[in-house]
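Student: Okay, predicted coordinates and the sequence, questions at the end:
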Amino acid sequence: MAVTHGSGDSGVLQGEGENALQPVDWIILGGYFVFIIWLGSYFGKKQKSSERYFLGNRRIPGWAVGMSIFATIISSWAFMALPGKSFKNDMQFLLTIAPIPLAVVISSLFIIPLFRNKIKLSAYEYLERRFGPAARFYGDFLFICGHFFKMSMVLYLLCLAISGMTGFDVAVLIFIIGVATIIYTFYGGIEGVVWTEVIQGFLLLGGGVLALYFLLFMTPVGPEEVLQVGFEKSKFKLAEFDFTWQEICVYVLLWSGFNLYMSKYATDQTVVQRYLLSPSTDQARRSLWISVLLLGVVWILFMLIGALLWVYYEIQPGLLPAEVRNIPDKVFAYFIAHELPAGVTGLILAGIFAASMSTLSADLNSLGSVLIDDFYNKLARRSTEEQRLWFSRLSVLVTGLLSIILALFLTRFEEQSMVDGFLIFTAIIAGGMLGMFFLGFFTRRCSKDGLYIGLVVGVAFIIWATLTNPKTGMIESSTLLWFPRFKVNLLWLGLLGNLVVFAVGYAASLIVTPGHKAPEGLTIYGKEELDQPKK
């Protein structure tokens, strides 16, 4: 029999939006919040300089950095969207992570040593050294806009899900969770962020394992029949090999996955900053492989949870209200709140909080690192160490409060339109970043003039593709009939946009700056220099 601790004595299933938590669940959640705030305050006593605040004196062990990278990339999206994907369809979306080992090999061999030897803190310092100040500003702009909006969306969607479980007002939850994250990030610096992410990573994994256990063993038919029903209904299907440009298939998932994670490992300050935390390049490489192993486990775990959720409610259809079934991303949250024993719900809910707060804290600290390294240090060259530390903390505080304000603003819109808007926004704001970094890493012939031409063409292509794609509906087919349309699935857009930037940027460099060659030390070809320890 399923345990429905939120159902009440009458046995009537509690509806979404009512408080389905018991006192023990609140005690667990309260303990979680008190502990992470204390941990941030503990490390806050050690913060005496902006370098330690953002780099931890480069002495954080590789295994902890690996947990941090994993917790930074995974958010509450893993808890909600991954099970929602496999609940609605099957497990084909799992192929998105198949190219990650290739991305990690490229990053380990070439990108980590290059960054550790050529930048002090900001990933976008490399762009200035390779292509000039305008390229650095462009990278800063995309990172700040993209991550500021992402923080607000993660916070909003998390609180929307928690509101459905507890009945608490979404705005109140946004304020509480946002302020708690700001506090431990503000005081603890990157050390506080990393060590809280280690705890949060274990909570996320533990919550997933607990949910999987109950899905297999709480049904009246037993785990063997649960798995058999899943196989019979093709819920564990992994691949659709028919090629199509319009629909999701093996090829678009593989290429979009490579583009997504290669962009994370090569261009995202939240990850690049962590390459600098370990005392050696070997430990930095090891941390990346640890994070990939954990990412793979989480993707498999939560997509399996989604498939088993479908089986669970297929066997017991009366347990799931139709209004929840119609929104797959809410099904797992409903299961946690209404089908699990008291205490277990609190533990898994703490995992959901941990998944989101780890992403938020990483974004806050990394935004602060970009603001101080790319702006404040340039404008206030004679500032003291005390002033730089003060500005570092102030930047975390201000960006955190602004993300709370934007998250509160998002509550005025419908959830689905916000998710769609976020996908469209990120497709545009990606702006060919990976293509730009790859031109710097892997070519000596690309010049800054050629790069800027490539960026203009690439961004124009991305905007055109986004506006004219039938999925976005931003330009209806009945208008501008003469205008060519991008009828390819938008999952291809990130890869194609980066290819356009790379190809046009390289070709334009050969034409407008013939004979140009960048210094070997700013590319992967400066091997002897890269092997020297960073001074």
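Tutor: Received the coordinates, thanks. Numbering: from 1, shown residues only.
Student: Where does pLDDT dip in the stretch 351-500 of the chain?
Tutor: 413-431, 471-483 (pLDDT under 70).
Student: Tell me where the longest helix sits in the protein.
Tutor: helix 170-217 (DSSP state H).
Student: buried residues in the helix or strand that that one is followed by?
Tutor: For helix 170-217, the succeeding helix or strand toward the C-terminus, using DSSP states H and E, is helix 223-232. Buried residues in helix 223-232, counting neighbours by 16 or more other C-beta atoms under 10 Å, are found at 226-227, 229-230. (Glycine included, C-beta is placed from N, CA and C.)
Student: Which two of these have the greatest separation?
Tutor: L227 and V229 (7.4 Å; C-beta to C-beta).
Student: hmm, back to that, any chance of TSV for the buried residues of helix 223-232, columns pLDDT and distance to F302?
Tutor: Output for these, formatted as TSV (pLDDT from 0 to 100; distance: C-beta to C-beta, whole Å):
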residue	pLDDT	distance to F302
V226	84	17
L227	86	17
V229	85	19
G230	82	15
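Student: Compute the inter-axis angle for the longest helix of the chain and helix 223-232.
Tutor: 110 degrees (axes from the mean of the first three to the mean of the last three C-alpha atoms, to 10 degrees).
Student: need the contact list for the spatially closest residue to K517 that is not a sequence neighbour.
Tutor: The shortest distance from K517 to any non-neighbouring residue, by C-beta to C-beta, 6 or more residues apart in numbering, is to R444 (4.8 Å). Counting by C-beta atoms under 8 Å, 6 or more residues apart in numbering, R444 touches 517-518, 520, 523, 525.
Student: Let's see that with 6 Å instead.
Tutor: When contacts are counted by C-beta atoms under 6 Å, 6 or more residues apart in numbering, R444 is found next to 517-518, 523.
Student: Buried ones among those?
Tutor: Using 16+ other C-beta under 10 Å as the burial test, these include 518, 523 as buried.
Student: Which of the contacts of R444 sits closest to C249?
Tutor: Nearest to C249 out of the contacts of R444 is T523 (C-beta to C-beta; 35.1 Å).
Student: From G450, how far out is the closest one?
Tutor: 15 Å (C-beta to C-beta, to the nearest Å).
Student: will you turn the contacts of R444 into JSON lines that also has secondary structure, distance to N326 and pLDDT?
Tutor: Listed next are the contacts of R444 as JSON lines, based on DSSP: H, G, I helix; E, B strand; the rest coil; distance: C-beta to C-beta, whole Å; pLDDT from 0 to 100:
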{"residue": "K517", "secondary structure": "coil", "distance to N326": "59", "pLDDT": "92"}
{"residue": "A518", "secondary structure": "coil", "distance to N326": "54", "pLDDT": "89"}
{"residue": "T523", "secondary structure": "coil", "distance to N326": "52", "pLDDT": "91"}
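Student: and which of the contacts of R444 is nearest to L55?
Tutor: Ranked by distance to L55 (C-beta to C-beta), the contacts of R444 are led by T523 at 24.6 Å.
Student: Pull out the buried positions in stretch 293-307.
Tutor: 294-296, 298-299, 301-307.
Student: got it, and stretch 177-186?
Tutor: Under the neighbour-count criterion of 16+ other C-beta under 10 Å, stretch 177-186 has 177-178, 180-186 buried.
Student: And these, which is closest to I36?
Tutor: Nearest to I36 among the buried residues of stretch 177-186: Y184, at 5.4 Å, using C-beta to C-beta.
Student: Contact partners for that closest one?
Tutor: Per C-beta under 6 Å, 6+ apart, neighbours of Y184: 36-37, 40, 192.
Student: Greatest separation within the residues you listed: which pair is it?
Tutor: Maximum distance among these (C-beta to C-beta): 9.8 Å, for I37 and G192.
Student: Pick out whichever of the two has more residues nearby.
Tutor: In this view I37 and G192 are compared by other C-beta atoms under 10 Å, and G192 has more residues nearby, 28 against 19.
Student: Make sure that one is actually in contact with Y42.
Tutor: No. Counting by C-beta atoms under 6 Å, G192 stays clear of Y42, with 7.6 Å between them.
Student: which residue packs closest to I290, ignoring adjacent ones?
Tutor: G66 (2.8 Å).
Student: In terms of helices and strands, where is the one you found?
Tutor: helix 62-73.
Student: what does that helix contact?
Tutor: By C-beta under 6 Å, 6+ apart, helix 62-73 touches 194, 197-198, 200-201, 270-271, 274, 277-278, 283, 286-287, 290-291, 294-295, 358, 362.
Student: Now the buried members of these.
Tutor: If you count burial by 16+ other C-beta under 10 Å, the buried members of the contacts of helix 62-73 come out as 194, 197-198, 200-201, 270-271, 274, 277-278, 283, 286-287, 290-291, 294-295, 358, 362.
Student: I'd like to know which of the contacts of Y184 are part of helices.
Tutor: Among those, the residues falling in helices (DSSP H) are 36-37, 40, 192.
Student: Where is pLDDT lowest across these?
Tutor: Least confident entry in these, by pLDDT: G40, with 81.
Student: What separation is there between the closest residue in space to that one that isn't next to it in sequence and A266?
Tutor: Leaving aside its chain neighbours, G40 sits nearest to Y184 (2.5 Å; criterion: C-beta to C-beta, 6+ apart). Separation of Y184 from A266 (C-beta to C-beta) stands at 29 Å.
Student: Same check on G192?
Tutor: 26 Å.
Student: V504 too?
Tutor: With C-beta to C-beta as the criterion, V504 and A266 are 19 Å apart.
Student: More neighbours: these two, which one.
Tutor: Taking other C-beta under 10 Å, V504 and A266 do not tie; A266 has more neighbours (24 against 21).
Student: Which secondary structure elements does the strand or helix carrying that one sit against?
Tutor: Following DSSP H and E, one finds A266 within helix 250-267. Judged by 3 or more C-beta pairs under 6 Å, 6 or more residues apart in numbering; DSSP states H and E, helix 250-267 is in contact with helix 100-106, helix 433-442, helix 493-512.
Student: In a markdown table, list those along with distance to K46.
Tutor: Output for these, formatted as a markdown table (distance: least, C-beta to C-beta, whole Å):
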| stretch | distance to K46 |
| --- | --- |
| helix 100-106 | 31 |
| helix 433-442 | 33 |
| helix 493-512 | 39 |
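Student: Tell me how this protein divides into domains.
Tutor: The record's domain parsing of the chain by automatic domain parsing lists 23-87+150-243+268-412, 431-535.
Student: Extract the CA atoms of the helix holding G66 and return them as PDB.
Tutor: The C-alpha trace of helix 62-73 is given here as PDB (Å, rounded to 0.1, in the frame of the first residue of the first chain):
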ATOM      1  CA  GLY A  62      40.000  18.100  -5.900                       C
ATOM      2  CA  TRP A  63      37.300  15.800  -4.700                       C
ATOM      3  CA  ALA A  64      35.500  18.600  -3.000                       C
ATOM      4  CA  VAL A  65      35.800  20.800  -6.100                       C
ATOM      5  CA  GLY A  66      34.400  17.900  -8.100                       C
ATOM      6  CA  MET A  67      31.300  17.700  -5.800                       C
ATOM      7  CA  SER A  68      31.000  21.500  -6.200                       C
ATOM      8  CA  ILE A  69      31.100  21.400 -10.000                       C
ATOM      9  CA  PHE A  70      28.400  18.700  -9.900                       C
ATOM     10  CA  ALA A  71      26.200  20.600  -7.500                       C
ATOM     11  CA  THR A  72      26.700  23.900  -9.500                       C
ATOM     12  CA  ILE A  73      25.500  22.400 -12.700                       C
END
